[in-house]
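>>> Here is a sequence with its predicted model. Questions after.
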Amino acid sequence: MRIDVLTVFPEMFGPVLAAGIVGKAVRAGLADVRIHDLRDFAHDRHRSTDDAPFGGGPGMVMLPQPLFEAVRSLEPSLDAAVVVLSPQGKPFDQRAAERLAQLERIVLICGRYEGIDERVIEGLATEELSTGDYVVSGGEVPAMLVVDAVVRLLPGALGHGEEALADDSHTSGLLQHPQYTRPADFEGRSVPDVLLSGNHAAIAQWRRREALRRTLERRPDMLARAELSAEDAQILRALGWQPPTPVPGTPE
Ligand code: SAM
């Protein structure tokens, strides 16, 4: 997969692309991540990439011309995603990461200041994605989140940890069960006995139950979309869950 990132702060990306799973995937050639300085596509002496908003008001707006030139120079394939990071976009969630991970190419456009000239969104973007309901000062950190969440899904990126993906929070539709490592007793807090029992079936059962309990406590909204077995539903009901009653005439 190739990912092109357009930014006025290319220097922010170095450590993120070098460390951990993303770094390994980049070095192994699973992900070809290219960071482009938008200022290279400016034409004036000051290498400007922004200007004052028409209609007045505070702040600056990112110019369309460097962004159009930059994206055109990348010659994205027809099926490439050209993503504008924006607090106004659709939520970037695990499903969106899974969808993007299927593509050959992604272009990520990082806004700054008051945002990006609307004609970029109309004329270049295939989608706008938001990493959450808050405003950060630039699209770089959101773009890093997208790169990380997508790259770790690429086949081979996790190495031996690949099977761990399946019960990751959100991938499974639930939050993950609690995790413990050594020592078995830390300052009087002990690990649940079942995890030390060596009984794999009992451990799997405990983990499922804890994942259900945790999701019910912290993110009950997720249960409406989760794939639940009859046994899961029984466990949840015992924990006080009331399954949502379908509204007649609406798809379940
Ligand atoms: N004035 C804009 C608004 O109210 O929608 C916010 C601009 S924000 C200060 C500057 C840039 O940061 C945005 O263009 C976008 O690229 C990025 N950004 C900020 N919050 C974001 C979020 N939650 N998700 C994705 N990108 C975000």
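That came through, no problem.
>>> Tell me the confidence at the residue nearest to A149 when sequence neighbours are not counted?
Closest residue to A149 in three dimensions, ignoring its sequence neighbours and counting by C-beta to C-beta, 6 or more residues apart in numbering: A97, at 4.0 Å. All C-beta spots, glycine's among them, are computed from the backbone N, C-alpha and C. At A97 the predicted local confidence, pLDDT, stands at 98.
>>> How about the strand or helix carrying A97, which residues are buried there?
Following DSSP states H and E, one finds A97 within helix 94-101. Along helix 94-101, the positions that meet the burial threshold by neighbour count (16 or more other C-beta atoms under 10 Å) are A96, A97, L100, A101.
>>> For the ligand, tell me which of those show up nearby.
Among the buried residues of helix 94-101, proximity to the ligand is found for none (C-beta under 6 Å from any ligand atom).
>>> Now do the contacts for whichever residue of the stretch 151-252 of the chain sits closest to the ligand.
In the stretch 151-252 of the chain, no residue comes nearer to the ligand than H170, which is 17.3 Å away by C-beta to the nearest ligand atom. If you count contacts by C-beta atoms under 8 Å, 6 or more residues apart in numbering, H170 has them with D93, Q94.
>>> Would you mark the buried spots in stretch 225-232?
Neighbour counts over stretch 225-232 (16+ other C-beta under 10 Å) mark A226, L228, D232 as buried.
>>> if I read this right, the first one contacts T215, doesn't it?
Yes. Contact criterion C-beta atoms under 8 Å: A226 and T215 qualify, at 7.2 Å.
>>> okay, and the common contacts of these two?
Each of L174 lies in contact with both A226 and T215 under the rule C-beta under 8 Å, 6+ apart.
>>> which residues of the stretch 101-250 of the chain score low on pLDDT?
250 (pLDDT under 70).
>>> What residue in it comes nearest to the ligand?
The stretch 101-250 of the chain approaches the ligand most closely through G111 (2.1 Å), counting by C-beta to the nearest ligand atom.
>>> Find the residue closest to that residue in space, skipping its chain neighbours.
Sequence neighbours aside, G139 is the residue nearest to G111 in space, at 4.6 Å (criterion: C-beta to C-beta, 6+ apart).
>>> And for S130?
G89 (4.1 Å).
>>> Same check on L154?
Counting by C-beta to C-beta, 6+ apart, L30 is the residue found nearest to L154 once chain neighbours are left out, at 4.9 Å.
>>> Might you report the residue contacts of the one you found?
Per C-beta under 8 Å, 6+ apart, neighbours of L30: M1, V151, L154, P155, G156, A157.
>>> What segments of this protein are strands?
Taking DSSP state E as the criterion, the chain carries its strands at 2-7, 32-37, 50-51, 61-62, 81-91, 105-109, 127-130, 185-186, 189-190.
>>> Let's have those strands in a markdown table, adding mean neighbour count and distance to L175.
A markdown table is the format used below for those (neighbours: other C-beta atoms under 10 Å; distance: least, C-beta to C-beta, whole Å):
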| stretch | mean neighbour count | distance to L175 |
| --- | --- | --- |
| strand 2-7 | 24 | 28 |
| strand 32-37 | 17 | 29 |
| strand 50-51 | 18 | 40 |
| strand 61-62 | 22 | 37 |
| strand 81-91 | 19 | 17 |
| strand 105-109 | 23 | 27 |
| strand 127-130 | 19 | 21 |
| strand 185-186 | 10 | 23 |
| strand 189-190 | 10 | 21 |
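>>> Including distance to the ligand, could those go into a markdown table?
Listed next are these as a markdown table, based on distance: least, C-beta to the nearest ligand atom, whole Å:
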| stretch | distance to the ligand |
| --- | --- |
| strand 2-7 | 10 |
| strand 32-37 | 15 |
| strand 50-51 | 11 |
| strand 61-62 | 7 |
| strand 81-91 | 4 |
| strand 105-109 | 7 |
| strand 127-130 | 4 |
| strand 185-186 | 37 |
| strand 189-190 | 36 |
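>>> okay if I get the ones you listed as TSV plus distance to H177?
Compiled in TSV, the strands of the chain are given as follows (distance: least, C-beta to C-beta, whole Å):
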stretch	distance to H177
strand 2-7	32
strand 32-37	32
strand 50-51	47
strand 61-62	43
strand 81-91	25
strand 105-109	32
strand 127-130	29
strand 185-186	18
strand 189-190	17
